[in-house]
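Q: Kindly generate the corresponding structure for this input.
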Amino acid sequence: MIVKTIHKTAWLTGGVLFLLLALIGLLLPIIPQMPFFLIAVFCFVRCSPRFNAWLSRQHWFARFHDWAEQKHWFGHIREHLPHPKHKKHSSS
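A: Below you'll find the model as predicted:
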């Protein structure tokens, strides 16, 4: 039980750290913000099943999920992202 708490705390700490880096990236044009924001979301998804469920219900996430499926790097992170629950699957 304590290992699970430490694991969740580590993911939460990583998420907060990368979110702060993303916010700094918004202020400083030298630092890119999107990679840090995506890593922060990944950390928060791994930290909390509740956040994972909330994220999968968002309409903007379904659009991001569709866009990301067209990219070659998406196969590497597919198992870690929640699948949008309201997205209609096509039989193609």
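
Q: need the helix or strand of this structure with the lowest average pLDDT.
A: helix 74-77 (a mean of 59; mean pLDDT, DSSP states H and E).

Q: can you list the domains in the protein?
A: The chain breaks down into these domains under automatic domain parsing: 1-47, 51-92.

Q: Check those for me: which has the lowest mean pLDDT.
A: Comparing mean pLDDT across those, the weakest is domain 51-92, with a mean of 64.

Q: For residue 30, see how far away the closest residue to residue 44 other than its chain neighbours is.
A: Nearest non-adjacent residue to residue 44, counting by CB to CB, 6 or more residues apart in numbering: residue 15, 4.3 Å away. Where C-beta positions appear, they are placed from N, C-alpha and C, glycine not excepted. Taking CB to CB, to the nearest Å as the measure, residue 15 falls 23 Å from residue 30.

Q: Could you check which of those two has the larger neighbour count?
A: Higher neighbour count among residue 15 and residue 30: residue 15, with 21 against 6, using other CB atoms under 10 Å.

Q: That one: helix or strand, and which one exactly?
A: According to DSSP states H and E, residue 15 maps onto helix 2-27.

Q: packing partners for the helix or strand hosting residue 52?
A: Using DSSP H and E, residue 52 falls within helix 49-56. Judged by 3 or more CB pairs under 8 Å, 6 or more residues apart in numbering; DSSP states H and E, helix 49-56 is in contact with helix 34-47.
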